[in-house]
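Asks: what's the 3D shape of this:
(chains A and B)
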Amino acid sequence: MDRLAEAPKSTFLEKISTRHFRSGWKAFIIIFFLLFVILPTVWVLSYIFTDWSSIETVMGDPDLMSTIYDAILASFEIAAIVTVIDIIVGLPMAWILVRKEFRGKRYLDTLIDMPLAVPTAALGFSCAIFWAATSSNVNAPGFAPGFVDSAFLLIVLLHVVFSYPYMVRSLAAILEQIDVTYETAGRALGATKLTAARTITLPLFRAGLVTGIILCMARSLSETGGTMIALATMANSGNFETGPTLIGAWKSNPDLIPQLAFVSILLIVISLILLIILKIAVMKIKLPAGKVWPKYERILSRGWAPFLKDSTSSAFLFIFVLIPSFFIFTYVVVLPYQSAEWGLFWDSLFYSFIIAGVVTVLDIIMGVPMALYVARGHGSKIIQSLDVLVNVPLIVPTAALGFSLGMFWGDVPGIGSFDFILIVMAHVAFTYPLVVRNVAGAVEEIDPSYEETARTLGAKPLQAFRRVLYPMIKTSILAGAIMAFTRSLGETGATLAVVANANTAPVYIVDLINTEQFYTAGLACIVLIIVSYVFMVLLRYITKRRVA
Amino acid sequence: MPEITVRGLTKRYGKVIAVDDATLTIKDKEYVTILGPSGCGKTTLIRMMAGIIEPTEGKVFIDGKDMKGVPIEERDLGYVFQNIALFPNMNVGENVSYSPRVKGKSPEEQGTTSHKYLELVKLLDKMGMFPGELCGGEQQKVSLARALATGSKLLLLDEPLSALDARVRVDLRYDLRRLVKALGITTVHVTHDQEEAMSVSDRIVLMRAGAIVEMGTPEQLYTKPENIFTMNFIGETNLIEGWVRERSVGLCKIELRDGSELEVHSCPYDTGTAVVVSVRPEFVYPFTSGLRSKIVSTTYMGTYWRMTAESASEDEIDFDVPVSDGHLYKIGQEVYLMINNKATVVFPRPHEGIAEAVKLE
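Replies: As a prediction, the model looks like this:
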């Protein structure tokens, strides 16, 4: 910090440390959250009251209803399957990352995050040319497996790729907070590694598991851009649609507003019900940790079994996550060079970056204080309900959320015509919870006595936060910021749903694919990947240096 | 009948040597404490015994069986952790019955085991409570019960009392010894508290900077240690520098720095050898003759007064006087100190200097 700024800052600090200012600030944060995040997110529900008759018309059309029913069912089926796969393969990987020491661990650690650097639009294309049977004008490399001809399976494979890092990260974050001594103590009492992990660590793990499940399901339920691109790239997707792709497809047609509203409402309501059930289930249901099978668990704890487990989860990471993510590089290398129109792409990329940057900054300023209230305010009923509300935009599919936001802001005079503000608002709504969840999770694990100690030493609340708490939760803020930034950068569904002809990079790529300009799309994807990756590395580097 | 032996046990972390070539045997039913200042490698040593840490070199034998490659859960021992480590997701009863449970014992047997050991530590009424609801002393008792419930005859205690209140600590250490003695358990107890080590052990192993300095019964180490570090670390002592002036049977004359003379009980060193005479404060008395000294500080200790004096030979000498006599001494006052020469131990003067020789690291 600048030494010169020290003197006037102290008076500023005193000013903002007064009770009045602090309660005002708290109120501001909460109002921002309710007014700018929650309300626009669920605004579409008001459609039920204002225009019920048109919804009735939609429900009266059996063909339409069966299309909608199929799409929504597919969305939830895919989300459920993807989440289960993520838990099964993510748990051992989280374990490796946290509890194992080996050479090259740092590289593995970065590899996990790599798919996050790839915008889902690029992922969708990359995955499709790797797994799916594609038509000849796509020119997918001959050595790609390319055998998947079920649209459903392709989308499951795609969704695993981008939800996997979320699962591993949330699980690893919680695992890191659990004292290893518990497991060691368990083993000293005669439990094998597997038994100790299962009966002691896993039950302490619930919170992390909920976060992981919510993040994964929500990611899968929301994803639009990548899904649309993958479906467009594969040879024969039939008429396969998911809830979000329906919204994406219908959005450009102004006659379909009631249908859009109906699908959005369904997605939102079902997701919310699911969230509540999940929350209750994970906290109330006792995991089947009671029974112990010493003989079998002993076999599984030693020799080939752990090795098999570790190597399978590493193999999974490479075959199902990393290779499909980056397969697009081989695609562009193999094809002969074609000239392409780049000006528009650079414009869209720049536009996307500005949006993602603004969104991330807003998320941190508004989200970190919220995370502190949520994490430290367990006593208060209001805070507890805020805690639940924070998850709402996370679980609401972004396409539905975008539609809802478009409706909300469209009604506000003056705002509706500014595409930039609309897109930023939409992106804040679904990235905000990523920052809050990440930071709140970290703060909850930190003993409040550190801040209390700082306060007894004369630190103002803000100082206590900055000097004591902030250094401890910095990595979580960074993780949240990276997630928010890359999510914003890669988001297609919400963008399309608020502004039909938005000029962001992923939307541009979707357009390229739809017009069968596969080569240019491939190059654009690669540029997007490289730029996001460089940005992530830079962000990490900057935050690391500031500590030292 | 468990007996634990370590031979040439060494643990290195890069260039840092945590434990250096430790060799010792703990006999069946013996209660041994590994004592030493913080960072001396005692915890690393006991963790290697348990299998929590793999040694860099050397071997651990339990009942003569080489433990190389035997995981912690198959070493058949009980382990109590300094940070207690009761499983927060289980209540007291479930914590204690964890070991029979993971060994596949029937629910009835799990119940009787936890009942038995909770009764032993007198916490049967806390069965249904969660660890967070107990106070520190109770938590550690539960943790002890949990370790005993393994049914193992070998118990490893890693600073079991360090996290507790002073009073609880003292009470609990007697409980501890009584319990393991009654059950006939071989115990290794790691501590940095020399008073704790003295009062519970059959034998003390003193460590410093990764190496074993000396081992012996508490009485041996207190009264006749072989090492000046031991003398200084266990209990309190005065160290007086001098040279052997005259040797005769049973009695030796030591010349101090100011030329004055001190008589000590036996000294195996030749005339002219530089030596250090150690005598504990309780064996120094104020008298009408002896070492001429000046009082430097007086401290009220409750049951006595601790006086610190500087002798004419520039040695610092502590001695104690009864509470009733405390008022007789003032700072700066001249006194003559007599030393009970039967209670003296003479060491050759360490070439690295006394301060270095008794330093904790």
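Asks: Let me see the contact set for A:Val156.
Replies: Applying C-beta atoms under 8 Å, 6 or more residues apart in numbering or on different chains, we find A:Val156 in contact with A:Ile78, A:Ile81, A:Val82, A:Ile85. From N, CA and C alone the C-beta is placed, and that goes for glycine too.
Asks: Could you single out the nearest of these to chain B?
Replies: A:Ile85 (26.8 Å; C-beta to the nearest C-beta).
Asks: which residues of the chain score low on pLDDT?
Replies: I'll assume chain A. Applying pLDDT under 70 to chain A picks out residues A:1-11, A:117, A:207-208, A:283, A:285-291, A:339-340, A:378-379, A:413-417, A:540, A:542-548.
Asks: Chain B was what I was after
Replies: Within chain B, the segments meeting pLDDT under 70 span B:1.
Asks: Would you tell me which residues of it are close to chain A?
Replies: Residues of chain B lying near chain A by C-beta under 8 Å from any C-beta of the partner chain: B:50, B:52, B:71-73, B:76-79, B:81, B:83, B:85, B:87-89, B:98-99, B:101-104, B:146-147, B:149-150.
Asks: How about the stretch 401-548 of chain A: which residue is closest to chain B?
Replies: Closest to chain B within the stretch 401-548 of chain A is A:Glu445: 13.1 Å, counting by C-beta to the nearest C-beta.
Asks: filter the residues of chain B next to chain A to the buried ones?
Replies: Buried members of the residues of chain B next to chain A, counted by 16 or more other C-beta atoms under 10 Å in any protein chain shown: B:50, B:52, B:72-73, B:77-79, B:81, B:85, B:87, B:89, B:98-99, B:101-104, B:146-147, B:149-150.
Asks: Could you list which of those belong to strands?
Replies: Applying DSSP state E to those, the entries found in strands are B:Gly78, B:Tyr79.
Asks: burial count for A:Val424?
Replies: Residues near A:Val424, counting by other C-beta atoms under 10 Å in any protein chain shown, number 20.
Asks: How about A:Asp310?
Replies: Counted with other C-beta under 10 Å, residues neighbouring A:Asp310 total 16.
Asks: Would you double-check that it falls in a helix?
Replies: Yes - when DSSP: H, G, I helix; E, B strand; the rest coil is applied, A:Asp310 is found to be in a helix.
Asks: my guess is it contacts A:Pro92, does it?
Replies: Yes - if you go by C-beta atoms under 8 Å, A:Asp310 and A:Pro92 touch, sitting 6.6 Å apart.
Asks: which residues of chain B fall in helices?
Replies: Assigned by DSSP state H, chain B shows helices spanning B:42-50, B:92-96, B:98-102, B:107-120, B:136-148, B:166-183, B:194-200, B:218-223, B:228-233, B:354-358.
Asks: Let's have those in CSV, adding distance to B:Arg208.
Replies: Converted to CSV, those look like this (distance: least, C-beta to C-beta, whole Å):
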stretch, distance to B:Arg208
helix B:42-50, 10
helix B:92-96, 36
helix B:98-102, 35
helix B:107-120, 36
helix B:136-148, 27
helix B:166-183, 23
helix B:194-200, 12
helix B:218-223, 13
helix B:228-233, 6
helix B:354-358, 10
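Asks: quick one: which of the contacts of A:Val156 is most hemmed in?
Replies: Counting neighbours by other C-beta under 10 Å, A:Val82 leads those with 27 neighbours.
Asks: Secondary structure element for that residue, which one?
Replies: Following DSSP states H and E, one finds A:Val82 within helix A:62-99.
Asks: Would you mark the buried spots in the helix or strand just after that helix?
Replies: Next in sequence after helix A:62-99, counting helices and strands by DSSP H and E, comes helix A:105-117. By neighbour count on 16+ other C-beta under 10 Å, the buried set for helix A:105-117 is A:Leu111, A:Ile112, A:Asp113, A:Met114, A:Pro115, A:Leu116, A:Ala117.
Asks: Which one of the residues you listed is nearest to A:Ile265?
Replies: For the buried residues of helix A:105-117, the minimum distance to A:Ile265 (C-beta to C-beta) is 30.3 Å, reached by A:Leu116.
Asks: Which single residue in the stretch 251-361 of chain B comes nearest to chain A?
Replies: Closest point on the stretch 251-361 of chain B to chain A, by C-beta to the nearest C-beta, is B:Glu361, at 25.6 Å.
Asks: Residues touching stretch A:253-263, excluding its own?
Replies: Here stretch A:253-263 has contacts from A:44, A:47, A:51, A:54-55, A:57-59, A:64, A:68, A:71-72, A:243, A:246-247, A:250-251, A:400, A:403, A:407, using C-beta under 8 Å, 6+ apart.
Asks: no, scratch that, I was asking about stretch B:19-27
Replies: Residues contacting stretch B:19-27 (C-beta under 8 Å, 6+ apart): B:3-11, B:32, B:41, B:44-45, B:48, B:55, B:57-58, B:186, B:188, B:205, B:207, B:209-212, B:215.
Asks: how about a cut-off of 6 Å?
Replies: Here stretch B:19-27 makes contact (C-beta atoms under 6 Å, 6 or more residues apart in numbering or on different chains) with B:3-11, B:32, B:41, B:44-45, B:188, B:205, B:210-212.
Asks: re the thing from before, give the ChimeraX command for selecting the buried subset of the contacts of stretch A:253-263.
Replies: Typed into ChimeraX, the line below selects the buried ones among the contacts of stretch A:253-263, using 16+ other C-beta under 10 Å:
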select /A:44,47,55,58,68,71,72,243,246,247,250,251,400,403,407
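Asks: circling back: spell out whether the helix holding A:Val82 and chain B are in contact.
Replies: No - on the criterion C-beta under 6 Å from any C-beta of the partner chain, helix A:62-99 is out of touch with chain B, staying 13.5 Å away.
Asks: from the chain's centre, how far out does that helix sit?
Replies: For helix A:62-99, the separation from the chain centroid amounts to 14 Å (computed by C-alpha atoms, centre = their mean, to the nearest Å).
Asks: How about stretch A:239-251?
Replies: 20 Å.
Asks: same thing with stretch B:297-309?
Replies: Chain-centre distance of stretch B:297-309: 25 Å, with C-alpha atoms, centre = their mean.
Asks: Other residues contacting it?
Replies: B:Ser293, B:Ile295, B:Val296, B:Ile317, B:Asp318, B:Phe319, B:Asp320, B:Val321, B:Gly326, B:Tyr329.
Asks: Distance check, the fifth one against B:Glu219.
Replies: With distances taken as C-beta to C-beta, to the nearest Å, B:Asp318 is found 22 Å from B:Glu219.
Asks: Who has more neighbours out of those two?
Replies: Taking neighbours as other C-beta under 10 Å, B:Asp318 and B:Glu219 compare with B:Asp318 leading, 19 against 10.
Asks: May I have the residues that are in contact with the closest residue to the more buried one other than its chain neighbours?
Replies: Distances taken as C-beta to C-beta, 6 or more residues apart in numbering or on different chains place B:Pro281 nearest to B:Asp318, at 4.2 Å, with adjacent residues excluded. B:Pro281 makes contact with B:Glu236, B:Asp318, B:Phe319, B:Asp320, according to C-beta under 6 Å, 6+ apart.
Asks: Quick one: which of these is the most crowded by neighbours?
Replies: Counting by other C-beta under 10 Å, top hit in the contacts of B:Pro281: B:Phe319 with 25 neighbours.
Asks: give me the number of residues near the residue nearest to B:Glu73 when sequence neighbours are not counted?
Replies: The shortest distance from B:Glu73 to any non-neighbouring residue, by C-beta to C-beta, 6+ apart, is to A:Arg187 (4.6 Å). Using other C-beta under 10 Å, A:Arg187 has 26 neighbouring residues.
Asks: Does A:Arg187 touch B:Ile72 like I think?
Replies: Yes - the pair A:Arg187 and B:Ile72 qualifies as a contact (C-beta atoms under 6 Å) at a distance of 4.6 Å.
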